[in-house]
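Undergrad: with the sequence up front, the predicted model follows.
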Amino acid sequence: MITFDGVSKVFPDGTVAVDDLHLELPTGKITVFVGPSGCGKTTSLRMINRMVEPTSGEILIDGVPVTTQDEALLRRGIGYVIQHAGLFPHRTIVENIGTVQRLTGVGRKAARATAIDLLRRVGLSESLADKYPVQLSGGQQQRVGVARALAADPPVMLMDEPFSAVDPIVREGLQAEFLRLQAELGKTIAFVTHDIDEAIKLGDMVAVFREGGHLAQFGSPQELLEKPANDFVADFVGRDRGFRSLSFDSADELVIDSVASVSTGGEILVLDDAGRPVGWAGPGLGDTSAPIPHGGTFTRGDSLRLVTDLAISSPVGIAVQVDVDGAAVGVIRHTSLVRQLDERRRRRAEPTA
Amino acid sequence: MIDYVIANENVILAALSQHIMLALVPIVLGALIALPIGFLAVRYGWLYHPLLNVSGLLYSIPSLALFLIIPGIIGTKILSPINIIVALTVYTVALLVRVVADGLRSVDGIVTQAASAMGYRRIRRFFEVELPIALPVMLAGLRVATVANISLVSVGALIGVGGLGALFTRGLQLRYLDPIIVGIVLSVLLAVLCDLVIVLVQRRLTPWTRVKGRS
Amino acid sequence: MIVRLATDTPYLLDPENWTDSAVTSIPELIGTHLLYTALALVIAAAIAIPVGLFIGHTGRLAFVAINAGNVGRSLPTLGLISFLVVLIGGGLFPALIALVILAIPPILTSTYAGLRAVDPAAVDAARGMGMRELQTVFTVEVPMALPLMMSGLRNAALQVVATATVAAYVGLGGLGRLLVDGLALNQYDRVVAGAVLVAALAILIDLLAELLQRVVVSPGVSGRAVTRRARVAHPSPLTEVSSGTAA
């Protein structure tokens, strides 16, 4: 656990970067620091490995104040990943990954073996081992940056906007890979981003910072979306937070109608021989031999957000549920969905009302 | 010192004016020659590296050697001021070709494409878009060349034509520091002054480099 | 005054001048020239590199490094040599001091510029991974600054070769002797021999320095590793030309 105990940072020019921060980052979880630029999130992160020293207050890792440890030794025990990766251009990929191991006295061969193993773990080909950073794409460099931070197997990782310099598609791949790795490794991670969507996607816990180094809210992503502490958080989280918060609830509780019920509206759900939906036909929709595509289906375990999206975007306003084999098992009309969402809201509001 | 200056006012002024002439004529000639060559080096990419290599080699030849090789090549008298002017022009060209080429290459391709898309023809685009954008780099190179030329001129004194360098050889012969100090001070002052003039010209010509960017 | 080429074998090609028996044999002059050059360069580097590293790493006293280049470039070499000779007296010492003084600025400025040009993210990463300051300087910053540092050394070497030639006027040995003595004796072929040899020596040193640079600079920094990705942008062209050579 990483504890911020009344930590403040005032820079020599008088700027208050962090103001009396109290925060606990749970062990083995990802805690995301998010906020607009200049809110003190990066400064807070960099105080954990003493790249920045607090003006007052104390940071403890598992109860031990970081200031009691030698700077360099402390940092060797904490993984550090930054934007643009910060790879050493004059060293090959394996040399880059092996940096901390070599610093701690591990032999060249052993460091190389670990590095090659890590290269695979972060989803890169072994053939990149002896290349130089300039020969890699931005996304590949960022993966190497993660591998380099993991090399000494530190229990704590600090990640400062690690994925913000790559294009959105590559970023999604990196995020998915990162979550997969974390499920395997269970590190205690502090992760800085300015992107609220990334925070909600990756964070077990999210700390929202606002200008002047104040902590605006600390909670799970769902709490942030459903119960923003103030206007700043609500605004920062964004306009469609109601819709996005649906992604945390399963659609399994919805009352689903039978497939046969669709015919009441005149639409025809065309199925193939195995009972899998092919598309919609009917008046104004096309012939049963050439139905228009249904646009997607949902199955058990999917989120309310997906079902809502399917119902809204469906050409007939109906979302189709399928079983594991892809056969249609039920449907839900958007009218029914809205009614059920409304009931859900009332149910949730009752205890507090 | 003051006595020396007063007593030799005419000698010093003559040396100074010769120094200015020997240093600045090559700058003007060199810039005029380097501009089209640098442009060609960018326009025809395959010329870039050969031209730069030749420039580099020419620039590495020590000045006294170049002062003395040139009469053998162009047939001037060994003590002619033309040798100094040609040699310093060679250095200026060698330095500026690279600077001009690199300056032009530093112009963002998106900008030139945008200019073309708006209907600029090549020549006009060069003078109104590429040249102004490359100007800060070119003028910085010009500063280096000017200051270097001013200090190089005095080496010419060893072959009898060296502007303020004459004060150095005289001081050596007489074992007398005053002319040497006067020569050094005037030479450095001249360099600083010319440098300053180019900086002011640059400020005037490229006002956009002085405004602070918002980022 | 017109100086005619000697009628018989030109000085440069006369075997007599290449043998040890000659009073000033060409190999000996080359050797002396190289010796002075190396000596001045080593002393200058021993002073300028540590200072440049300190300034570049800490950012303190930056004006010294920035202005050293300008001062060095505007100082007339012949003036400096004359000044030192008259001040200190004859012999090797004043000329050697002049060579060292003129070699320091290009090395100092380029070491500083090289360190300043290092990607701050790499330095941040180095510290963040637990490198100590000196480790950061020598294993991260210096290797990345090496291209600029090398070009500074190269410029300094050329500056010294050229200045050593001029210093023959105050009695320093080396190839400058041929130029100065040839001029004094009206032997143009001797002058030409000296000029050609000095030029050749300078060019050779330049090429050797380039070769050395290729050997010591990591392919990941020099851009030679780049085959399929776009070539990395070269450091600012100005920092490379900023230390004029010819003297």
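TA: Arrived safely. This structure is a prediction, so every number in the text was calculated from the model and none was measured. Numbering: from 1, shown residues only, chains lettered A, B, ... in the order given.

Undergrad: pLDDT on stretch C:168-181, on average?
TA: The average pLDDT within stretch C:168-181 is 88.

Undergrad: between the two ends of it, what distance do you get?
TA: Its start and end residues considered, stretch C:168-181 measures 9 Å (CA to CA, to the nearest Å).

Undergrad: what's the burial count for A:Ser166?
TA: Heads up, residue A:166 is Val, not Ser. Neighbourhood size, A:Val166 [other CB atoms under 10 Å in any protein chain shown]: 22. Any C-beta I mention is one placed from the backbone N, CA and C, and that applies to glycine too.

Undergrad: can you give me the helices in chain A?
TA: Remark: helices assigned in chain A by DSSP state H are A:41-48, A:71-76, A:93-97, A:99-103, A:108-121, A:138-150, A:168-185, A:196-202, A:221-226, A:231-237, A:241-245, A:304-313, A:334-349.

Undergrad: is any part of the lengthiest helix in chain B close to chain C?
TA: Longest helix in chain B, counting residues (DSSP H): helix B:9-43. No: on the criterion CB under 8 Å from any CB of the partner chain, helix B:9-43 is out of touch with chain C, staying 9.6 Å away.

Undergrad: what's the angle between the helix or strand just after that helix and helix B:9-43?
TA: Sequence-wise, the next helix or strand downstream of helix B:9-43 (DSSP states H and E) is helix B:48-60. Angle, helix B:48-60 to helix B:9-43, by axes from the mean of the first three to the mean of the last three CA atoms, to 10 degrees: 160 degrees.

Undergrad: which parts of helix B:48-60 are buried?
TA: Across helix B:48-60, burial judged by 16 or more other CB atoms under 10 Å in any protein chain shown covers B:48, B:51-52, B:55-56, B:58-60.

Undergrad: how about the residues you listed in CSV, adding pLDDT and distance to A:Glu267?
TA: Formatted as CSV, the buried residues of helix B:48-60 follow (pLDDT from 0 to 100; distance: CB to CB, whole Å):
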residue, pLDDT, distance to A:Glu267
B:Tyr48, 90, 68
B:Leu51, 90, 74
B:Leu52, 87, 72
B:Ser55, 89, 77
B:Gly56, 85, 78
B:Leu58, 89, 83
B:Tyr59, 87, 81
B:Ser60, 86, 84
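
Undergrad: could you dump the residues you listed into CSV and include distance to chain A?
TA: Output for these, formatted as CSV (distance: CB to the nearest CB, whole Å):
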residue, distance to chain A
B:Tyr48, 21
B:Leu51, 26
B:Leu52, 22
B:Ser55, 27
B:Gly56, 24
B:Leu58, 32
B:Tyr59, 28
B:Ser60, 27
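
Undergrad: contact partners of stretch A:103-111?
TA: A:76, A:94, A:98, A:101-102, A:114, A:151-152, C:129-131, C:135 (CB atoms under 8 Å, 6 or more residues apart in numbering or on different chains).

Undergrad: switch to 10 Å and redo it
TA: The contact list for stretch A:103-111 (CB atoms under 10 Å, 6 or more residues apart in numbering or on different chains) reads A:72-73, A:75-77, A:94-95, A:97-102, A:112-114, A:151-152, C:126, C:129-132, C:135, C:139.

Undergrad: buried subset of these, written for PyMOL?
TA: Buried members of the contacts of stretch A:103-111, defined by 16+ other CB under 10 Å, are picked up in PyMOL with:
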select buried, (chain A and resi 72+75+76+77+94+95+97+98+99+100+101+102+112+114+151+152) or (chain C and resi 126+129+130+131+135+139)
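
Undergrad: ok, the residue nearest the centre of chain B to chain C distance?
TA: Against the mean C-alpha coordinate of chain B, by CA atoms, centre = their mean, the closest residue is B:Ala145 at 3.1 Å. From B:Ala145 across to chain C, the span is 8 Å (CB to the nearest CB, to the nearest Å).

Undergrad: element containing that residue?
TA: Element membership of B:Ala145 [criterion: DSSP H and E] is helix B:131-153.

Undergrad: tell me which residues in that helix are buried?
TA: In terms of neighbour count (16+ other CB under 10 Å), helix B:131-153 has its buried residues at B:131, B:133-153.

Undergrad: with stretch A:167-177 instead?
TA: Going by neighbour count (16+ other CB under 10 Å), the buried part of stretch A:167-177 is A:170-171, A:174-175, A:177.

Undergrad: what about that stretch, average pLDDT?
TA: Per-residue scores along stretch A:167-177 average to 87.

Undergrad: from the chain's centre, how far out does it sit?
TA: Stretch A:167-177 has its average C-alpha position 10 Å from the chain's average C-alpha position, going by CA atoms, centre = their mean, to the nearest Å.
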